[in-house]
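**Student:** Can you look at this prediction? I've put the sequence above it.
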Amino acid sequence: AKDGGNSGTPSTSGQGFEIALITDKGNIDDKSFNQGSWEGVVEFAEANNVTHKYYKPEEATDAGYLAAIDLAVTGGAKVIVTPGFLFEVPIFEAQTIYPDVKFILLDGAPHTADYATFETKDNVASIMYAEEESGYLAGYAAVMDGMTKLGFMGGMAVPAVQAFGYGYLQGAEKAAAELGLADGAISAIYHYTGDFAETDTNKATAKTIYQGGTEVIFACGGSVGKSVMSAAAEAGKKVIGVDVDQRYDSETVITSATKGLRASVVQVLESIYKTNSWNTFAGQTTYFTAANEGIGLPTTVIGDANAKAFDRFEKFTMEQYEGAFKSLVDGTVDPIRTIDVEDANGYATADELVSGLKLSKVKVEVR
Amino acid sequence: MQDKTSLTSKPSLINKFTHSKGFSAFTAALMSIFLGFVFAFLIMALASPDNAASGLKMLLFGGFKRLADVFYFATPILMTGLAVGFAFKMGLFNIGAAGQYTMGMFFALYVGFMWDLPDGIHWVACVIAGMIGGLLWGLIPGLFKALLNVHEVITSIMFNYIGMYLVDMLIQSNAAMYVSSKTRTAYLPASAQLPSLGIERSNANISIILAVLIAVLLYIILNKTTFGYELRATGFNKFASTYAGMNGKRNIILTMGIAGAMAGLGGAFAILAPSTIQGSSMTYEPINVIAANGFNGIAVALLGSNNPLGIIFAAVFISHIQRGGTLASLYGYKPEIIDIVIAVIIYFSAFAMLMNTTVVSFFKKLFKKNQSSPSTEPSTTSSEASKELLSEKIPSKDQEISTSTKEEA
Amino acid sequence: MDTVYYLVQNTLPVAIPLLLVALGGMFSERSGIINIALEGIMLFGAFFGCLFVYFIQGSSLNPQYILLLGMAVAALAGIIFSLLLSLATVTMKADQTISGTALNMLVPGMILLYAKMFFNSDGITTNVNFYLRKVPFLGDLPVIGKLFFQNTYITVYIGFLFLIIAAIIFYKTRFGLRLRACGEHPHAADSVGINVYVMRYAGVSMSGFLGGMGGFFYAVGVMNSNINGHTGVAGFGFLALAVMIFGQWKPFQILLAALFFAFLRTLAYSIALIPFLHDLNINQTFYKMLPYLATMVVLAFTSQKSRAPKAEGIPYDKSQR
Amino acid sequence: MNDYIIEMLNITKEFPGIIANDNITLRLKKGEIHALLGENGAGKSTLMSVLFGLYQPEKGEIRKNGNTVKINNPNDANALGIGMVHQHFKLVEIFTVLENIILGVEPHALGFLQKKKAREKVVELSKQYGLEVNPDALIEKISVGMQQRVEILKMLYRDNEILIFDEPTAVLTPQEIDELMEIMRRFAKEGKSILFITHKLNEIMAVADRCTVLRKGQYVGTVDIKDTTKEELSRMMVGRDVSFRVQKETMTPGRVVLSVRNVSVPSKTSKKNAVSNVSFDVRAGEIVCLAGIDGNGQTEFVSALTGLERHTSGTITLCDQDISKASVRTRSQAGMSHIPEDRHKYGLVLDYTLEDNLVIQRYWQPQFQRFGFIRRKAVRSYAEGLIKQYDVRSGQGPLTIARSMSGGNQQKTIIGREIDKDHELLVAVQPTRGLDVGAIEYIHKQLVARRNAGKAVLLVSLELDEVMNVSDRILVMYEGEIVGELDPKTTTVQELGLYMSGAKRNLKEGSHAG
Ligand SMILES: Nc1ncnc2c1ncn2[C@@H]1O[C@H](COP(=O)(O)OP(=O)(O)OP(=O)(O)O)[C@@H](O)[C@H]1O
Ligand SMILES: Nc1ncnc2c1ncn2[C@@H]1O[C@H](COP(=O)(O)OP(=O)(O)OP(=O)(O)O)[C@@H](O)[C@H]1O
Ligand SMILES: [Mg+2]
Ligand SMILES: [Mg+2]
């Protein structure tokens, strides 16, 4: 991501920066929300010559986010992109305070702190993604490719991560069924790391999972992926990336369960600046799913038209992928997004996963 | 035998003041701050020459636009600064303020969520709980040092990690406190939040006033009471304090306990701050990271020369330039510049006092040579100052490990 | 047995940075300068090491050579950075903990600033794989080969090499004798014509050398040759300080201390592989605390006899008696 | 040509605020023993440090054999054949004897130490001069006398021909002093030239050829010893007559104030007890002296007595109160005053003001605090009183930082403080160490005054003159035991020396002197 940090080149005209992004926590290279949406901002803004800049809140609290929005507005922002559900409450406030500013809230919908009132005003576009569908495709691909020992390392048990994970298991189940495998033929280790960071802890955990025989880990937690890739490189095993196409980060990444963060941001920005169709997003929640190509596995390799996006699979083919994708689009397959979880942390037990997701071919071990 | 210095005429009041240790600490701090900003300006000029002047202006004066926030963000580091500075007075390097701070947060949160108390009492209970949490965590290095001779730096570092893991675990396993889908604690009930000062768009709250009062209280304890007398004596020379019948072990434990309590209060003040958004509050995110405010406390203490009153100003100053740094991002500068400025200031302030006198005596020497007359009267100013400094720079030999500290109010 | 191999293979890359940095601390402290700045030195070295790797990664150079070159760069960076500490503490006679703390604060800010300005990132991400699946010939030895010569990094061998060199310098050379004298009784050293200032500069610079290198080895062996201003070196500099004290300021005891700590740390993340521990079903957080708790317990039993270099922490002033 | 091997001409050395050496000239002949005499702080050590290259003088020149030389550091001095035994030994405690001797001039090949070669030379030297040492012993484990041998060997190892001894006898027993004198004479006979600093006029009379006297940084004169007397020398040194006898009328001791029974203290360095089974009494109105060679358990005993360390067994009773297990504070309240051996380490908080140091034993008393708050005014006026009474000289009165005071005045501070505090027993440990005759005279007077006021005094001293002059009763300590009780009026220095060296004992183990 060497697009020159001076996207934040100070304006000489004095108008400031028109499109602003507030990072939730972490930086815009977090391999996740911040990065994906920032890439969207940059792509659009550079193509259309709009000033743009990202801000880091002074503290990661509702009030801190609101203060950062204040700062961005002071800095001349007309459109503010806020990635992540952490912005739900601050945006609820901000949409009233700044009626003239447009907000793009990713992965969340504005509401009050006590959840009593949900309201998305006309200056807010709320965007959500069907992560379970993306995860489904990843799990399906892994098993179809011949793997039987799967791993999942989520960051924290937030809805998006959970949805990815649940979809992943269901995809594996489906593929195993199609392959006619016996019950319990697929084993999966399911784990939440408790953070979204690249740490030696996460690397060690991943190494341990690989050491136990696991062939591939779906690394679903921002920078956790860096640790998993490092462990995979040492263990000679594979990784499935998340959110954005991570094949460029490591040879070990066979595919990525992406969600169209960048595409969606670009799309909404275009509705404001070019197509004049803001009201198709304004005041409501828009879902990006397989049906509107908002999620999926990467099918092309950026910058290399001849390269095959599936070249790191052994068996899994584009045709198989397209079949699975189509079943999602037409609704013949509809992966479960949430299940009941007893644990306060949202850490599902193996039994909850098996029964909640109706697994039989896949046996789950939770770590 | 008589020192010849005593022959020189009695210094005037002003002279006395300008030669006092407090004054040279002050000028030294000013000099380091100046150097820090020079450094900042250089970095900014390198990054983007056109805006460097405006950026620097923001760093220097931007904070004035957000005074309430300056005080709001100054509060926790003021408290951790006291936690470090107070222990320093006793010759103990409390690098564990981070863990104590985290513990303070946890205790405050626990009382905030789990106890149902009436308005007006609830937040007080939370604050006290936070203080106790920090106190307990501060006692540990004190006990290890006093009873087992384990150096407090090591214990503190270890218990920073242990405290962090422990708190994260305790919070995550408590369904009433933790909202997993948001990976952080729930919103605190309003009764547990500190009374706001009512400044618009700012979280500024009563804790800054409490913090300043506590700092003044510590100042009085240190300088006017027998306990403070014992504490400083021990800090300077623990053998002499034993000889004088002071209970060194008790004092070590007590000092670390008080220091911990300060950090714990800092944590409580931070986490109990009211939010500008109705129904919202501060939240704690258990992500296995050591609290940065604990380490910032070291900087604050050092800049404030471990003097509680100095620490007040140091905390406000650091908060001020941090706010300015955020504003400087409007000119495209990264707020991280502030971290560098602060580090540079501390680095220079570590030897600025000496630099002060070296410069002075250098000029004295030059001057003397030109005069070429034998100096019958030894140069008073520089020698006095350097004597003073020497005496300050000579730490009492600590038999065991490391950290020598000194300093005088 | 595989689990044993696994534990050993994973302990060493963690132990080596601790070992090297603690040895660095030893040189500094035995010369009389407390080196709280180890954390910053590590990070500084790691940063330049990784930066070097980043710029050279496109070339066709063998990764192991890149590693060696990066190591040199990191060590050099460490030395340069440590000069700031010597300047403050030796020449300017500043308080050693204060200067060290300031330097620790400087580095993360510097890395973040640099990375944000030039990479729009919190750190440097490189793409070279230094992992050694098997050392030729040696890796095929029974048991030993699996324990020490498979799934590893050459940093491990370099680390041990430097341990030996450090011990020889420390105990067998004129330089070592003089260095130790300066940490113990600088006036005595001065009175026999040893330049205490020079020796202390040397001691601190050696800690810069080993610290910078240790930092880079941390980045290579633990962080996949990436470095980041936020997570830094995860407190390894401070842990190295503890390891040094635990090791009583002596090279081989430091090795034992480093192995002890690294092993417990590795164990904490490998519980799942060890059935009887796994079955205990204890919250993993406890295992994460284990290395720290164990260190405390050991220190509690050994600290009564602990003996730091006598003159450490005290600025040397010729005219002081 | 002249016959001076070293000439220091018009040396001036300043320290911030003080001229330590003011235009001093000193000439050393080849093969002579030249004494350097002067009060504390007269500038002797400074002058020698200049010669040894530790300090650079502001003015003046140094000549060797008539040629001007520049001595910038000890290496230069060494190259000129100048060696020095420092007043405070400069030995690295955790190193071996051998390592200390070779430090700075290590034989080496490519930087690697060659200890074998060095050891041979050291063993040979120690045989040649009868300076017996174990090259592999750690310095921290050997006696002070032994350490001094190491210092001397350091000079010999370097083939020095000009030897500086800065107060070498302050820490030695009479026998060891005699030995040292013998060695010095031998050196002189071999053609080595010696500069010898001491406060003890007897030693100068016994061994020196000539003596140079300094006073307050200035040169007073150089005399031939054979043409002078002790009185003459002391007059040159302090500018007035000094009496060497302590005036003291006889007193009958009263009730028992301190009673020590079977006290044993474990040793920190070895498995043996540092103090074993010590018993004795001290009565009101007597000065009991605990004599002995350094390192025979006195320090450990005092620590146990005063509560700095808790002893393991036995009982200590002070004014009928059992204080065996009591804290330092309780002992102090029970009536114990303590003038500590190491005034910098224990006696003072050097960074505190004089007034704060003066109340360090009493700040908690109602007179000086109310509700935990220090009563600053009361402290100030109390301090001013003491400063006047004990003539403590300092720059800024009660507000002087103790560190900036001279050793003598620091000691006066401690003595004033301990005497003024309510006490029945005064434990004075080497109260005159390193002080000049004037100061010693003053302190001895104070001790006798305490005794005359009906207090019990326990004096722990290594100085034989002091022991013989001041005490009413002498207890000799040897290897942790009390081996003899002597009456100073009927005993001789020689006899005392025999007890101290363990050659004689008149008390059975476990028995005590009442
Ligand atoms: N390092 C120093 N810094 C400042 N002043 C010093 C220093 N060393 C010596 N002095 C001063 O120089 C004077 C001479 O000191 P010196 O140690 O030479 O005296 P001395 O004759 O050896 O006394 P003593 O008999 O106590 O050993 C002292 O009064 C002291 O004030
Ligand atoms: N660090 C210092 N800075 C300034 N002056 C000092 C310093 N240390 C010592 N002095 C001066 O040295 C003088 C005497 O000090 P010193 O301790 O050498 O006395 P002393 O009588 O020789 O005692 P001792 O037996 O401890 O050697 C005092 O006048 C004091 O002002
Ligand atoms: Mg002296
Ligand atoms: Mg002297």
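**Tutor:** In hand now; what should we look at? Everything quoted here is computed from the prediction, not taken from an experiment. Residues are numbered from 1 along each chain as shown, chains lettered A, B, ... in the order given. Ligands and ions are numbered 1, 2, ... in the order given.
**Student:** List the residues that contact residue D:426.
**Tutor:** D:337, D:338, D:339, D:418, D:419, D:447, D:450, D:455, D:456, D:457, D:458 (CB atoms under 8 Å, 6 or more residues apart in numbering or on different chains). C-beta: built from backbone N, CA, C; applies to glycine.
**Student:** 10 Å instead?
**Tutor:** D:257, D:282, D:287, D:335-339, D:415, D:418-419, D:446-447, D:450-451, D:455-459 (CB atoms under 10 Å, 6 or more residues apart in numbering or on different chains).
**Student:** Please see if whichever strand or helix holds it touches ligand 2.
**Tutor:** Element membership of residue D:426, judged by DSSP states H and E, is strand D:425-429. No: shown here: strand D:425-429 not in contact with ligand 2 (CB under 6 Å from any ligand atom), separated by at least 14.0 Å.
**Student:** Direction included, what does that strand pair against?
**Tutor:** strand D:336-339 (parallel), strand D:456-461 (parallel) (DSSP bridges).
**Student:** and the last one, what's its mean pLDDT?
**Tutor:** Right, the one you point to is strand D:456-461. Averaged over strand D:456-461, pLDDT sits at 94.
**Student:** For the residue in the stretch 251-367 of chain A that ligand 1 sits nearest to, which non-adjacent residue is closest in space?
**Tutor:** Across the stretch 251-367 of chain A, the shortest distance to ligand 1 (CB to the nearest ligand atom) belongs to residue A:345, at 64.8 Å. Once flanking residues are discounted, residue A:345 sits nearest to residue B:180: 4.2 Å by CB to CB, 6 or more residues apart in numbering or on different chains.
**Student:** doesn't residue A:154 make contact with that neighbour?
**Tutor:** No: Residue B:180 sits out of contact with residue A:154 when judged by CB atoms under 10 Å, with a separation of 11.5 Å.
**Student:** So which of the two has more stuff around it?
**Tutor:** residue A:154 (26 against 20; other CB atoms under 10 Å in any protein chain shown).
**Student:** wait, what's in contact with the more buried one?
**Tutor:** Contacts of residue A:154 by CB under 10 Å, 6+ apart are A:160-162, A:164-165, A:168, A:190-194, A:196, A:218-221, A:224, A:242, A:346-347.
**Student:** for it, phi and psi?
**Tutor:** Torsion angles at residue A:154 (phi, psi; degrees, to the nearest 10) stand at phi -90, psi 160.
**Student:** State the helix or strand in which the closest residue to it other than its chain neighbours lies.
**Tutor:** Closest residue to residue A:154 apart from its sequence neighbours, by CB to CB, 6+ apart: residue A:161 at 4.2 Å. Using DSSP H and E, residue A:161 sits in helix A:159-179.
**Student:** List the buried residues in that helix.
**Tutor:** For helix A:159-179, the neighbour count (16 or more other CB atoms under 10 Å in any protein chain shown) marks A:159-176 as buried.
**Student:** gap between that helix and the chain center?
**Tutor:** 16 Å (CA atoms, centre = their mean, to the nearest Å).
**Student:** again, but for stretch C:26-46
**Tutor:** Using CA atoms, centre = their mean, the offset of stretch C:26-46 from its chain centre is 9 Å.
**Student:** any idea of the pLDDT on the residue nearest the centre of chain D?
**Tutor:** Geometric centre of chain D, nearest residue: residue D:433, 3.7 Å, by CA atoms, centre = their mean. Model confidence at residue D:433, expressed as pLDDT, equals 76.
**Student:** mind checking pLDDT for the closest residue to it other than its chain neighbours?
**Tutor:** For residue D:433, ignoring the flanking residues on the chain, the nearest one in space by CB to CB, 6+ apart is residue D:170 at 6.9 Å. Looking at residue D:170, its pLDDT is 71.
**Student:** Contacts only, for residue D:170.
**Tutor:** D:87-88, D:144, D:177, D:197-200, D:294, D:430, D:433-434, D:462-463.
**Student:** out of the residues you listed, which are buried?
**Tutor:** In terms of neighbour count (16+ other CB under 10 Å), the buried residues within these are D:87, D:144, D:177, D:197-200, D:294, D:430, D:433-434, D:462-463.
**Student:** Of these, which belong to helices?
**Tutor:** Assigned to helices by DSSP state H, the following of these qualify: D:144, D:177.
**Student:** Among the buried ones among the contacts of residue D:170, which one sits closest to residue C:314?
**Tutor:** Of all those, residue C:314 sits closest to residue D:87, with 19.9 Å by CB to CB.
**Student:** So chain D: which segments form each domain?
**Tutor:** With domains defined by automatic domain parsing, chain D comprises D:4-238, D:243-335+D:424-514, D:350-421.
**Student:** what's the span of the shortest one from first residue to last?
**Tutor:** What that stands for is domain D:350-421. Domain D:350-421 stretches 20 Å from its first residue to its last (CA to CA, to the nearest Å).
**Student:** Would you mind checking the average pLDDT for that domain?
**Tutor:** On average, domain D:350-421 scores 89.
**Student:** What are the boundaries of the strands in chain A?
**Tutor:** Along chain A, counting by DSSP state E, strands occupy A:19-22, A:52-55, A:79-83, A:102-106, A:124-129, A:149-154, A:186-192, A:216-220, A:238-243, A:253-259, A:284-288, A:295-296, A:362-366.
**Student:** Show residues contacting the last one.
**Tutor:** What that stands for is strand A:362-366. By CB under 10 Å, 6+ apart, strand A:362-366 touches A:139, A:143, A:148, A:150-152, A:168-177, A:181, A:183-192, A:209, A:212, A:343, A:347-354, A:357, C:272.
**Student:** so what pLDDT did residue 220 get?
**Tutor:** Went with chain A since none was named. pLDDT, residue A:220: 90.
**Student:** hm, I was asking about chain D
**Tutor:** On pLDDT, residue D:220 comes in at 92.
**Student:** quick one: secondary structure of it?
**Tutor:** The local conformation at residue D:220, judged by DSSP: H, G, I helix; E, B strand; the rest coil, is strand.
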